[in-house]
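Q: next input, structure requested:
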Amino acid sequence: MISYKHIRSDRQWRGTIGLTEAKFHILVSKFSQAYQKKNGISLRENASNLATTLLLPTYEDCVFYVLFQLKNSLNYDSLGLLIHTDASNARLNFEKYLSYLSDILTDLGAMPKHSFSSVEEFESYFLGIESLLIDASEQAINRPQGNENQKESYSAKKRNTPIKN
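A: Modelled structure (predicted):
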């Protein structure tokens, strides 16, 4: 089973989950508080109430699991292999514990904004920012009507019709 206990250097911490060991333990502390607040009991108490053992029995295991997946983007079959379960349970555990981390990062003001409801909201969010880099080269669009319009967005290599930037 994959474990944070096998990591020996700060470089391995950052390469594996994107955080230093110190920041990992701070996040684990916040995670344990959020878990207990949301469930009313600790993870250990929850495990003792169940007839089965938990796949991720400690707060450290839960946080490491989610951060490892976010950093490495494995498919759920491979992720499940790391904690000795199937893809379905791997996904359920990931999504469950990711929701706790999302709430924590939102409360700390460290969660990046993922969507905007309007152009005005986007502009006000980035007000005062001099440079904004957007990593995008193409956007898929509906196929234009008319021969001349189709030529502008035609790509012989792709099936979809992209806007080329």
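
Q: what's the helix of greatest length in the chain packed up against?
A: Ranked by number of residues, the top helix in the chain under DSSP state H is helix 87-108. On a contact count with 3 or more Cβ pairs under 8 Å, 6 or more residues apart in numbering; DSSP states H and E, helix 87-108 meets helix 21-39, helix 59-72, helix 76-82. (C-beta placed from N, C-alpha, C; glycine too.)

Q: from these, which stretch is densest packed?
A: Counting by mean count of other Cβ atoms under 10 Å, helix 59-72 has the highest mean neighbour count of these, with a mean of 21.

Q: what's next to the longest helix of the chain, contact-wise?
A: Helix 87-108 has contacts (Cβ atoms under 8 Å, 6 or more residues apart in numbering) with 27, 30-31, 34-35, 38, 55-56, 62-63, 65-67, 69-70, 75-77, 79-80, 83, 85, 111.

Q: can you redo the helices and strands packed on helix 87-108 as JSON lines with mean pLDDT?
A: Shown next, in JSON lines, are those (pLDDT from 0 to 100):
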{"stretch": "helix 21-39", "mean pLDDT": "95"}
{"stretch": "helix 59-72", "mean pLDDT": "96"}
{"stretch": "helix 76-82", "mean pLDDT": "94"}
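
Q: any chance of those in CSV, plus distance to residue 2?
A: Output for the helices and strands packed on helix 87-108, formatted as CSV (distance: least, Cβ to Cβ, whole Å):
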stretch, distance to residue 2
helix 21-39, 14
helix 59-72, 7
helix 76-82, 4
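
Q: what number of residues lie near residue 53?
A: Residues lying near residue 53 (other Cβ atoms under 10 Å) number 7.

Q: that one: helix or strand, and which one exactly?
A: Residue 53 belongs to no helix or strand when assigned by DSSP states H and E.
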